[in-house]
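S.K.: Next come a sequence and a model predicted from it.
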Amino acid sequence: MVFNRSLLAKAALGPAAGAVLMAFMASGAIPAYQMYSVGLAAVYTIVVLSVGLLAGWSGIWSVGHPAFFAIGAYFAAYGSGHDWPLEAVVLGAVAAGAVLGGFLGYAGARFSMLYIALLTLAFTTVTLELVNRWSSVTGGDQGVPVIQLRSALGLGTLLGGSADSQYLAVGAAAVVLTLAVPAAASGLRMRLVAAKSHPLAARTIGIAPEAQSSLSFAVSGACACFGGVLLGLLTGFVSPDPFSLNFGISLIAACVLGGVGTILGAVAGGVYLTWNPSLSSAVGLPQPVVQGLVLIAVLLFLPGGVVPFLAAPARSLLRRARRRPDAARGPSAAPEASADLSPLPLPSRAADDGPVLLNLEHVSVSYGGLKALEDASLSLRQNEILGVIGPNGAGKTTLLNALSGLTGNGRVSGTADFDGRPLMKARATARRRLGIGRTFQHAEVFSELTVAENVLCTRRWITARDRADVARLLHSVGLAEVADRRPGELPFGLQKRLDLARAMAEEPKLLILDEPFGGLDAGERALLARHIKRLHADGTAVVVIDHVLDDLFSVAQRVLAFDFGRTIGEGTPDTVLQDPKVRSSYLGSVEGRTRPPERGGDRSMIGLRKVGHTYGGVVALRDVGLDVRQGIMLGVAGANGAGKSTLAGVLHGSLKPARGARETDGAVRTSLAPEGRALFKTLSLRENLEVAAYAAGITGAPLRERLEETVEWLPVRLRDRLSAPAGGLSGGEQQMLAIARALIVRPDVLIVDEPALGLAPALVDEVYDRLARLAHDGLTVVLLEQLLSRAMSVCHEVVVLHEGAVAAHGRPDDPAFASLAEAAYFSGAHEAAAKTAATPARTPQVN
């Protein structure tokens, strides 16, 4: 923890406020009958703080804190009856709270929020039952007095219910609030929030979510028990009444009212709990009613809490005041301008002279009966950049997950050595310490931390040197100007850089990059390529997977190709795509299918005009112009991430494009069978069909007619199992059910997104034969397919998408189109035009 002037000033506010309040109490400015309420508000502030910070920093809502509160109070009562010193009572209560809290946090960390709430509810119930029954210690329903507690350090003797106890409560609250200020700026808080925000990403930087939950609950429980000791001294008598489950609900309401996770919010919550009875009496309503009305009002009008709402204008004014000097000096540099753009040489295509850093032998990962990775072997030398390619579902990400320890419930076999140490038995959190860093495909950043804190949380203890190192790292990747902003305020490209910076922190020996170029524009991809080259120049080994092959090949020295979980080829970026197996994995090699006859004419069922769409700054579609003609089967081919699913949503009408227009010819009914099928797996086959019909307003006799018609389209083995749950079907059977569900509305245009995904070849043939039959009967079909040759073999027209744009559009029976489509699939429209201009046309191998 680094103490600067601002932090020290904030921390000093607690003691200062406590001293002022105690001075008012001593001077008589606060009436004697209100002195107890002031002390009680101080005690409640401590307990509300323990609940609020646990929820705000760790995401754990506890209804078990009345039990911790009771344990502390009964420690005070028991200690006073057995002549324990005050310090022993406090230490015993705090230790008991920490141990019990740590156990609850660890036990509930691997389960859902509901499970943790039920666990804490059970804890409170058991504790209160124990209090009622253990009458020899607790006095049962009659309670037990707190007579006096003397200090072993010579600080005097405190009598239960005395004025000294009120001063002690205020002073203790001031100390707790003071300690909370540096804790809020510490690495502890950052790591707790990181574990809450994204447990999977947290593991890759050495943070164990279970340990963080246990730690936070231990601190929270200790704090609540300390408040219980103060309550016992303040009241002079302890009984079960104040520790009911209703009080647990009141604590949560007080946290929400003040502002979850805020220090001043705990003060507001403590004051609210203390004076809520007086407020209820004033308005003549029961306390639960008043509390409910206040909570509803806060949730509706101040969902962040009172303190954050009042603090927002102050923060806005402070930001403006800070900007004025900067504006006087002129505009600040753009994030890209702060990046280090010094010239870097291209990586050498050979890295045979370095020692082996990573060695995998026969590694397989399976989930039930599905083998996501099968018998993978590879070696990686220090200072080498290895590219991994393959179509969607080939096993690339599973390979990276196996390296970083994120296979979840997958069964992993095989051996792996990293820097001379066995890797597969090491936990994911330990692999960061071994020297492995990784990024994620979708930039999985910690949204509740600032940009700088996203990187600082990789450190357990943050020093001034750590902050300086992080500042230099952020400057090197062009994020220095946005270090104090939240990731959600940044465009996707800057979030990708933040993900990279976090992985680069602590200078890992191996950096694993999962689709780093995806979703970036040309300038951002060029800048990212420079960062990768810089890492290579500094001696870091890199494993990178991506579907943007041109950018991947510009940095890789060696490329490994995967398909169906197996290694199918290896070579340099210049040669790997010449391997027939590798090329076939992308383009396919389907033969023997007859294209259905084309029906209709030039009538356009759906037209797209300059359609573009983005997701949070990620460009999915760029100026797409397309006509779906009546009676044809239109294929849309492209690699993973090319924009096919987004295009499917736009064509279907369920996704409104950010730019451009979707036009239809009259009342065209469209239906979509989405990627991944999206079936209701706990419902039966019949119920899945009925749900789709109900959604379209089809009921009664028309529904029965549609069901009979749709069921006839299904294969016999599915017709005989209409009452079986959809989750029990094979992948191919689920796909046919998903298409049938789309057909029940009798669409004019059927859109099918990746129907072959995850299916065995025989099942792929069956699904495609049934789609061809629909097209043969005159239905307009749009087929979105990853394999180009599959689309070429069955469709009347084929569109090739590349990075969200139409790179090629033509008819498979055009001899010149096959070469153009193949080049466009890998390189885009401009490169495809250049390549085909220099290459003689060849007849596509389709039937």
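M.R.: Looks like it arrived, so ask away. Fair warning: this is a prediction, and the values are worked out from it, not measured in the lab.
S.K.: Distance from the helix or strand Gly635 falls within to the middle of the chain?
M.R.: Here Gly635, judged by DSSP states H and E, is contained in strand 633-637. The chain centre lies 33 Å from the centre of strand 633-637; the measure is Cα atoms, centre = their mean, to the nearest Å.
S.K.: Quickly run through the sheet partners of it, with directions.
M.R.: strand 780-785 (parallel), strand 797-802 (parallel) (DSSP bridges).
S.K.: Reformat these as JSON lines; add mean pLDDT.
M.R.: JSON lines is the format used below for the strands paired with strand 633-637 (pLDDT from 0 to 100):
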{"stretch": "strand 780-785", "mean pLDDT": "93"}
{"stretch": "strand 797-802", "mean pLDDT": "93"}
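S.K.: Rebuild these as TSV, extending it with mean neighbour count.
M.R.: All C-beta spots, glycine's among them, are computed from the backbone N, C-alpha and C. Formatted as TSV, those follow (neighbours: other Cβ atoms under 10 Å):
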stretch	mean neighbour count
strand 780-785	26
strand 797-802	26
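S.K.: Adding distance to Leu759, write those strands out as TSV.
M.R.: Listed next are these as TSV, based on distance: least, Cβ to Cβ, whole Å:
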stretch	distance to Leu759
strand 780-785	12
strand 797-802	21
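S.K.: Asp765: which of those strands is closest?
M.R.: Nearest to Asp765, of all the strands paired with strand 633-637, is strand 780-785, at 13.9 Å by Cβ to Cβ.
S.K.: tell me which strands and helices the next helix-or-strand element following the closest one is in contact with?
M.R.: Next in sequence after strand 780-785, counting helices and strands by DSSP H and E, comes helix 788-794. Using 3 or more Cβ pairs under 8 Å, 6 or more residues apart in numbering; DSSP states H and E, the elements in contact with helix 788-794 are helix 580-587, strand 633-637, helix 761-776, strand 780-785, strand 797-802, helix 817-827.
S.K.: now for those, which one comes closest to Ala443?
M.R.: Of all the helices and strands packed on helix 788-794, strand 797-802 sits nearest to Ala443, with 21.9 Å by Cβ to Cβ.
S.K.: any idea whether His362 is helix, strand or coil?
M.R.: Secondary structure, DSSP: H, G, I helix; E, B strand; the rest coil: His362 is strand.
S.K.: what about it, neighbour count?
M.R.: By other Cβ atoms under 10 Å, the residues close to His362 number 12.
S.K.: quick revisit: now the helices and strands packed on helix 788-794 in TSV, with distance to Phe553?
M.R.: Output for the helices and strands packed on helix 788-794, formatted as TSV (distance: least, Cβ to Cβ, whole Å):
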stretch	distance to Phe553
helix 580-587	13
strand 633-637	21
helix 761-776	29
strand 780-785	24
strand 797-802	15
helix 817-827	10
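S.K.: ok, of those, where does mean pLDDT dip lowest?
M.R.: Note on these: lowest mean pLDDT is at helix 580-587, with a mean of 78.
S.K.: re the thing from before, which strands and helices lie in contact with whichever helix or strand comes after the strand holding Gly635?
M.R.: Per DSSP H and E, the first helix or strand lying C-terminal to strand 633-637 is helix 644-652. In terms of contacts (3+ Cβ pairs under 8 Å, 6+ apart), helix 644-652 is packed against strand 604-615, strand 618-629, strand 633-637, strand 670-673, strand 749-753, strand 780-785.
S.K.: in its sheet, what does the first one sit against?
M.R.: Based on DSSP bridges, the strands next to strand 604-615 in the sheet, each with its direction, are strand 618-629 (antiparallel), strand 659-664 (antiparallel).
S.K.: Just the mean pLDDT for that strand, thanks.
M.R.: Regarding strand 604-615, the rounded mean pLDDT is 92.
S.K.: for that strand, which positions count as buried?
M.R.: By 16 or more other Cβ atoms under 10 Å, the buried positions in strand 604-615 come out as 605-608, 611-614.
S.K.: and Leu400, how many residues sit next to it?
M.R.: The number of residues packed near Leu400 is 22, by other Cβ under 10 Å.
S.K.: again, but for Ala678
M.R.: When neighbours are defined as other Cβ under 10 Å, Ala678 has 13 of them.
S.K.: now it, nearest residue through space, not along the chain?
M.R.: In space, not counting the residues next to it along the chain, Ala678 is nearest to Ala738; the distance is 7.1 Å by Cβ to Cβ, 6 or more residues apart in numbering.
S.K.: who touches that neighbour in this structure?
M.R.: The neighbours of Ala738, taking Cβ atoms under 8 Å, 6 or more residues apart in numbering as the test, are 673-674, 677-679.
S.K.: ok, of the buried residues of strand 604-615, which one's closest to Leu771?
M.R.: Nearest to Leu771 among the buried residues of strand 604-615, counting by Cβ to Cβ, is Met605 at 17.1 Å.
S.K.: so the closest one touches Arg662, yeah?
M.R.: No: here Met605 does not reach Arg662: they are 11.4 Å apart, not a contact under Cβ atoms under 8 Å.
S.K.: Please work out which of the strands paired with strand 604-615 is packed deepest.
M.R.: Among the strands paired with strand 604-615, strand 618-629 has the highest mean neighbour count (mean count of other Cβ atoms under 10 Å), at a mean of 20.
S.K.: Send over that one as CSV, restricted to the C-alpha atoms.
M.R.: Extracted in CSV, the C-alpha atoms of strand 618-629 (Å, rounded to 0.1, in the frame of the first residue of the first chain):
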residue,chain,number,x,y,z
VAL,A,618,-16.6,-4.2,-32.2
VAL,A,619,-17.5,-4.0,-35.9
ALA,A,620,-19.5,-7.1,-36.9
LEU,A,621,-20.8,-5.9,-40.3
ARG,A,622,-19.5,-3.3,-42.7
ASP,A,623,-21.7,-1.8,-45.5
VAL,A,624,-23.3,-5.1,-46.5
GLY,A,625,-25.5,-5.0,-49.6
LEU,A,626,-27.4,-8.2,-50.3
ASP,A,627,-30.6,-9.5,-52.0
VAL,A,628,-32.2,-12.8,-51.0
ARG,A,629,-34.1,-13.9,-54.2
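S.K.: Please name the nearest non-neighbouring residue to the most centrally placed residue in the chain.
M.R.: The residue lying closest to the centre of the chain (Cα atoms, centre = their mean) is His198, at 4.8 Å. The shortest distance from His198 to any non-neighbouring residue, by Cβ to Cβ, 6+ apart, is to Glu444 (5.3 Å).
S.K.: SS state for that neighbour?
M.R.: Going by three-state DSSP, the state assigned to Glu444 is coil.
S.K.: Any idea how many residues pack against it?
M.R.: A total of 19 residues lie near Glu444 under the criterion other Cβ under 10 Å.
S.K.: And the pLDDT for it?
M.R.: Reading off the model, Glu444 has pLDDT 90.
S.K.: Verify the stated contact: it with Pro199.
M.R.: No: taking Cβ under 8 Å as the definition, Glu444 is not a contact partner of Pro199, at 10.3 Å.
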